[in-house]
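Participant: Attaching a predicted model along with its sequence, questions to come.
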Amino acid sequence: MTDAPLDRDQAKELRDLDAHGAADVDTVATIVVEVRDTASGVDPTEVDAMLRRRLTEARIELPDDEVRELVRQILEGD
């Protein structure tokens with residue numbers, strides 16, 4: 001599988017997360033790509049769980065609305 005670059009909206013969303021610092025933004029971007037690559041055909045609840053698990057492992061806390069937006073982007077291929 002290839003790592004698709006983030007589109008303009010995704011890049012902006014990640015810049016908006018900069019309250020966590022640049023390193024965390026890069027980590028979130030990497031996690032989103034990894035979950036996207038492994039989430040093909042998976043239902044939204046499982047994608048949400050996968051993303052939250054990976055964020056927890058990376059010790060990154062995001063508000064629920066931001067996690068939901070990332071899940072939407074993963075599922076819609078944005």
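Facilitator: Looks like it came in fine. No experiment lies behind these values; they were computed from the predicted model shown.

Participant: gap between Asp24 and Arg52?
Facilitator: For Asp24, the distance to Arg52 equals 15 Å [Cβ to Cβ, to the nearest Å]. The C-beta positions use only the backbone N, C-alpha and C, and glycine is treated the same way.

Participant: For the two, work out which one has more neighbours and name it.
Facilitator: Legend: neighbour count by other Cβ atoms under 10 Å for Asp24 and Arg52, higher for Asp24 (19 against 16).

Participant: Please identify the helix or strand for the closest residue to that one other than its chain neighbours.
Facilitator: Among residues not flanking Asp24 along the chain, Ile60 sits closest, at 5.4 Å (Cβ to Cβ, 6 or more residues apart in numbering). Counting by DSSP states H and E, there is no helix or strand that carries Ile60.

Participant: so who does Ile60 touch?
Facilitator: Ile60 is in contact with 20, 24, 27-28, 31, counting by Cβ atoms under 8 Å, 6 or more residues apart in numbering.

Participant: now, which of the residues you listed lie within helices?
Facilitator: 24, 27-28, 31 (DSSP state H).

Participant: Now the helix or strand harbouring Arg52: buried residues?
Facilitator: Under the criterion of DSSP H and E, Arg52 resides in helix 44-57. Buried positions in helix 44-57, judged by neighbour count with 16 or more other Cβ atoms under 10 Å: 47-48, 50-52, 54-55.
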